[in-house]
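S.K.: Kindly return the folded structure for what I paste below:
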Amino acid sequence: MRETVRLRRADAADQDEILAFQRAAIAAIPAGAYAADVSEAWSHTPVSGLEDLLAKGRYFVAVDGSRPVGGAGWAP
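M.R.: The predicted model follows:
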C-alpha cells in the first residue's frame, strides 16, 4: 500500500533534501528556456534565504513516506 503524500512545516534537518529537489527541478528546465549562464548560476544558489525561511517556519515540504519530495516557502 502506498502512503499518501502529506504536507508539513520544514525544519533545518530537511535542508539537504530541499536542496536536492530544488537542484533537480532546475536541472529539468528545458535547454533554451533560460540562458545557459543563468541556469548554471541558479543551480548553485537555491540555498539563498533557505536557512532564514526554515528558522522562521516559512517553508513547507510535501513528504512521501519520510522523504521530502517538494516544497515552497515565502517571505513577507
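
S.K.: And the helices in this structure, which stretches?
M.R.: 15-27, 36-43, 50-55 (DSSP state H).

S.K.: Would you single out the least confident of the ones you listed?
M.R.: Comparing mean pLDDT over the helices of the chain, the weakest stretch is helix 36-43, at a mean of 80.

S.K.: to the chain's geometric centre, what's the distance from that helix?
M.R.: 16 Å (C-alpha atoms, centre = their mean, to the nearest Å).

S.K.: Tell me what angle that helix forms with helix 15-27.
M.R.: 160 degrees (axes from the mean of the first three to the mean of the last three C-alpha atoms, to 10 degrees).

S.K.: And helix 36-43, what does it pack against?
M.R.: In terms of contacts (3 or more C-beta pairs under 8 Å, 6 or more residues apart in numbering; DSSP states H and E), helix 36-43 is packed against helix 15-27. To be clear about C-beta, it is placed using only N, CA and C from the backbone, and glycine gets the same treatment.

S.K.: List the contacts of the helix it packs on.
M.R.: Here helix 15-27 makes contact (C-beta atoms under 8 Å, 6 or more residues apart in numbering) with 10, 39, 42-43, 46-47, 50-51, 54, 59, 61, 67-71.

S.K.: what do you get if the cut-off is 10 Å, keeping everything else the same?
M.R.: For helix 15-27, the external contacting residues (C-beta atoms under 10 Å, 6 or more residues apart in numbering) are 10, 34, 39-40, 42-47, 50-51, 53-54, 59, 61-63, 66-71, 73.

S.K.: if I look at residue 64, how far off is residue 30?
M.R.: 25 Å (C-beta to C-beta, to the nearest Å).

S.K.: From the neighbour counts alone, determine which of the two ranks first.
M.R.: residue 64 (14 against 6; other C-beta atoms under 10 Å).

S.K.: And that one, how far from residue 17?
M.R.: 11 Å.

S.K.: Ok, residue 55 next?
M.R.: 17 Å.

S.K.: With residue 9 instead?
M.R.: 14 Å.

S.K.: what's the answer for residue 33, then?
M.R.: Distance from residue 33 to residue 17, by C-beta to C-beta: 25 Å.
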